[in-house]
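In: Have a look; sequence and predicted model below, questions after that.
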Amino acid sequence: MNLFSDIRALVIDCLNAMVAAGDLPEGLDFKNVTVEPPRDALHGDMATNAAMVLAKPAKLRPRDIAEKLATHLASDARVTVAEVAGPGFLNMRLGADTWQGVVSTVLANPQTYGRSDMGQGQRVNVEYVSANPTGPLHVGHTRGAVFGDALASLLDYAGYDVTREYYINDGGAQVDVLARSVYLRYLEAHGQDVAFEDGTYPGDYLIPVGQALKDKVGDAYVNQSEDVWLAEIREFATAAMMDLIREDLGVLGVKMDHFFSEKSLYGTGLIESAIDSLRSKGLIYEGVLEPPKGKKPEDWEPREQTLFKSTEHGDDVDRPVQKSDGSWTYFAPDIAYHFDKVERNFDLLIDVFGADHGGYVKRMKAAVSALSDGKTPLDIKLTQLVKLFKNGEPFKMSKRAGTFVTLRDVVDQVGPDVTRFVMLTRKNDAPLDFDFDKVLEQSRDNPVFYVQYANARVHSVLRKATEMGTDVSDAALSAVDRSGLAHDAELGVARKLAEWPRLVEIAARTNEPHRVAFYLYELASDLHSLWNRGNDEVALRFVQEGDETTTQVKISLVRAVSVVISAGLGILGVTPAEEMR
RNA sequence: GCACCCAUAGCUCAGCUGGAUAGAGCGCUGCCCUCCGAAGGCAGAGGUCGUAGGUUCAAAUCCUACUGGGUGCGCCA
């Protein structure tokens, strides 16, 4: 149930009635007609722009349309007032019973209120994290992981069939570097002194991998040349790194449906067939690229390469898929991977990249556009940098990795719930400040705490009422006659609850889970305000001593708040707190 | 040089496929509370929405140019 779409449907019905009555011409397009909450609550509960949108095509004055529409709307039982305002806005007020009905709906459908069928079961693939398997995940990955995971949950909630996917970059030169680094740790485990030069990974996290390798193969690789051990250690090391990464994701509560290995594309003809697909469309040619202007590399010389004509699909320059020595560039397996996604018949693809990969967006979209003949949309979301602070000071050091702060460093300190919520309190493309102290603060300016506290307060009230012997089960609260829920402050909270299904759809349509976090903060704020008013006005308290019926009515409202907070936190992957500690 | 992202209150940020007098938290000012319905409450001041044009009944939102900041730009993924 979405009250806003219900009322929009009512508006459309009224407009059709006006057409039938000859008050509006036939054949008007109503798609731009919206029903939304007015910015200022004084204007009413809902407003429609119908009169202004239709004035021009109908060749009528907005106010004339609005006034006739108002009479139609006012005849609906839900609408208590419909009045024309400003340039032609039509403001509506809805009766208390409608808002009480919202609470009833929430309590009757605690598992589904807010869910939407907007996605129509369309299959969407969300690819996120996709970090190189060369070490533990760091803070940047953490943001991408949280964002991608929340986005996936949001889309699921909005009625899409979602696949969460991780692309393992295990096919390039960086896994050779990993293998060599592990080899050094292996030698170290055999008691040799080793030096980590540039181009190797010196992090401590490879020490146990070197040890494990020794346990497995003994001294078989000691003093052997690279061609003896490289391939096998590469395999061993990437498996170990993926175990590490899976563990990291696990502590954050991220669970992928599918891991896709880049290496699986090599030697299987998959890259070749993806490139052939492009070739068959006339998009592959041999050519020489111009050097980038203003930033000409020192050693630039023109070389003929195999190029993808990505400019035909919106890119700025054509992109190489083969190096001059004939081997594939990193772009080629990426094309093949996305070809695979297209062939798996997803209706929509979403890639979550770090902002430093922004330059990669156009070519990837061009590739998917070309491979799917423009049929499979690809949305690429970039997550911006996370700046860490501790005691207000920038914070860079890591216990484990030495050079970067890991996901584990963050989660160990503040927990997965705080990590996830905070990472979503900013738009994905805005930089995020993460202060280890502030995120644990118990005050209004910490949204994590404030939302959790609101939910905890509801549960505290539920416990208290139960102690008094009042039945506050959802079943009992659903059945209550809510006509006593009439104070404007209380109905205001119900109005906020009515916005939830609408917000879910907006957030899902824009692929912006942060909107959920902001909504929850506002909802929590409304609950806290009402709670505080109860300090002065006894009639607004949720637990009414000695009046079980009224208590149930009041509590049904706050329980509904808790239902929505839990649902919202569920989307964000945060566990709702039932009490604060 | 080119591309992408960003620019909103003193600070950190929201702002719906374009809607009315642009919101929140912090900080500031004033009042109240300090009774575990506790981890404070209420109210107020504070904005040329980077600049200049354009489209529109209507622009923070869309288009163009410019300014400032970030990211990236052929054999690294």
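Out: Okay, I see it.
In: Show me which residues of the stretch 351-500 of chain A sit near RNA strand B.
Out: By CB under 7 Å from any atom of the strand, the residues of the stretch 351-500 of chain A that approach RNA strand B are A:355-362, A:382, A:384-385, A:426-427, A:429-433, A:442-445, A:453, A:456-457, A:460-461. The way it works is simple: take the backbone N, C-alpha and C, and place the C-beta from them, glycine included.
In: What are the neighbouring residues in contact with residue A:150?
Out: A:420, A:424, A:513, A:516, A:571-573 (CB atoms under 8 Å, 6 or more residues apart in numbering).
In: nearest residue to it other than its sequence neighbours?
Out: residue A:513 (3.9 Å; CB to CB, 6 or more residues apart in numbering).
In: picking that back up, which two in the contacts of residue A:150 are spaced the farthest apart?
Out: Largest separation among these by CB to CB: A:420 and A:516, giving 11.6 Å.
In: What ranges does the stretch 151-300 of chain A have for its strands?
Out: A:161-168, A:258-261, A:284-288 (DSSP state E, counting those that start in this stretch).
In: so which of those gets nearest residue A:495?
Out: Among the strands of the stretch 151-300 of chain A, strand A:161-168 sits nearest to residue A:495 (CB to CB), with 30.3 Å.
In: What would the closest one look like as PDB? C-alpha coordinates only.
Out: Extracted C-alpha coordinates of strand A:161-168, given in PDB (Å, rounded to 0.1, in the frame of the first residue of the first chain):
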ATOM      1  CA  ASP A 161      15.100 -10.200  -8.500                       C
ATOM      2  CA  VAL A 162      18.600  -9.300  -7.400                       C
ATOM      3  CA  THR A 163      22.000 -11.100  -7.900                       C
ATOM      4  CA  ARG A 164      24.900  -9.900  -5.800                       C
ATOM      5  CA  GLU A 165      28.100 -10.500  -7.600                       C
ATOM      6  CA  TYR A 166      31.900 -10.100  -7.100                       C
ATOM      7  CA  TYR A 167      34.400 -10.100 -10.000                       C
ATOM      8  CA  ILE A 168      37.700 -11.600  -8.900                       C
END
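In: Residue ranges in the stretch 401-550 of chain A under the pLDDT threshold?
Out: A:401-403 (pLDDT under 70).
In: run the last query once more with 80
Out: Within the stretch 401-550 of chain A, the ranges that satisfy pLDDT under 80 run A:401-404.
In: That one: helices as residue ranges?
Out: Using DSSP state H, counting those that start in this stretch, the helices of the stretch 401-550 of chain A run over residues A:407-423, A:447-467, A:474-479, A:488-510, A:514-536, A:548-572.
In: Give the other helices and strands that the fourth one contacts.
Out: Using 3 or more CB pairs under 8 Å, 6 or more residues apart in numbering; DSSP states H and E as the contact test, the elements touching helix A:488-510 are helix A:3-20, helix A:96-108, helix A:139-157, helix A:514-536, helix A:548-572.
In: swap in the longest one?
Out: If contacts are counted by 3+ CB pairs under 8 Å, 6+ apart, helix A:548-572 sits against helix A:96-108, helix A:139-157, helix A:407-423, helix A:447-467, helix A:474-479, helix A:488-510, helix A:514-536.
In: what about that helix and RNA strand B, touching?
Out: No: counting by CB under 7 Å from any atom of the strand, RNA strand B is not contacted by helix A:548-572; separation bottoms out at 7.7 Å.
In: tilt between that helix and helix A:447-467?
Out: Compare the direction of helix A:548-572 with that of helix A:447-467 by axes from the mean of the first three to the mean of the last three CA atoms, to 10 degrees and you get 150 degrees.
In: repeat for the first one
Out: Taking the same axes, to 10 degrees, one finds that helix A:407-423 is oriented at 70 degrees with respect to helix A:447-467.
In: mind listing what's buried in helix A:407-423?
Out: A:407-411, A:414-423 (16 or more other CB atoms under 10 Å).
In: residue contacts, the closest residue to residue A:29 other than its chain neighbours?
Out: Leaving out its chain neighbours, the residue that sits closest to residue A:29 by CB to CB, 6+ apart is residue A:57, at 7.2 Å. Shown in contact with residue A:57 (CB under 8 Å, 6+ apart): A:25, A:28-29.
In: Out of those residues, which comes closest to RNA strand B?
Out: Closest approach to RNA strand B among these (CB to the nearest atom of the strand): residue A:29, at 11.7 Å.
In: ok, and the closest non-adjacent residue to the one residue in the stretch 51-200 of chain A that gets nearest to RNA strand B?
Out: Nearest residue of the stretch 51-200 of chain A to RNA strand B: residue A:172, at 2.7 Å (CB to the nearest atom of the strand). Nearest residue to residue A:172, sequence neighbours excluded (CB to CB, 6+ apart): residue A:330, at 6.0 Å.
In: Any idea which residue of the stretch 351-500 of chain A lies closest to RNA strand B?
Out: residue A:359 (2.4 Å).
In: What's the local residue count around that residue?
Out: Neighbour count for residue A:359, taken as other CB atoms under 10 Å: 8.
In: That one: what secondary structure?
Out: At residue A:359 the chain is in helix, as set by DSSP: H, G, I helix; E, B strand; the rest coil.
In: So for stretch A:569-581, mean pLDDT?
Out: Mean pLDDT, computed over stretch A:569-581, is 92.
In: Please apply the same query to stretch A:94-104.
Out: 95.
In: Enumerate the positions of it that are buried.
Out: For stretch A:94-104, burial by neighbour count (16+ other CB under 10 Å) applies to A:94, A:96, A:98-104.
In: any idea how far residue A:57 lies from residue A:89?
Out: Look at residue A:57 and residue A:89: by CB to CB, to the nearest Å, they are 18 Å apart.
In: Repeat that for residue A:244.
Out: As judged by CB to CB, residue A:244 and residue A:89 stand 57 Å apart.
In: show me what contacts the most centrally placed residue in chain A?
Out: Taking CA atoms, centre = their mean, the centroid of chain A lies closest to residue A:151, which sits 2.4 Å from it. Taking CB under 8 Å, 6+ apart as the criterion, residue A:151 is in contact with A:126, A:128, A:350, A:352, A:381, A:511, A:513.
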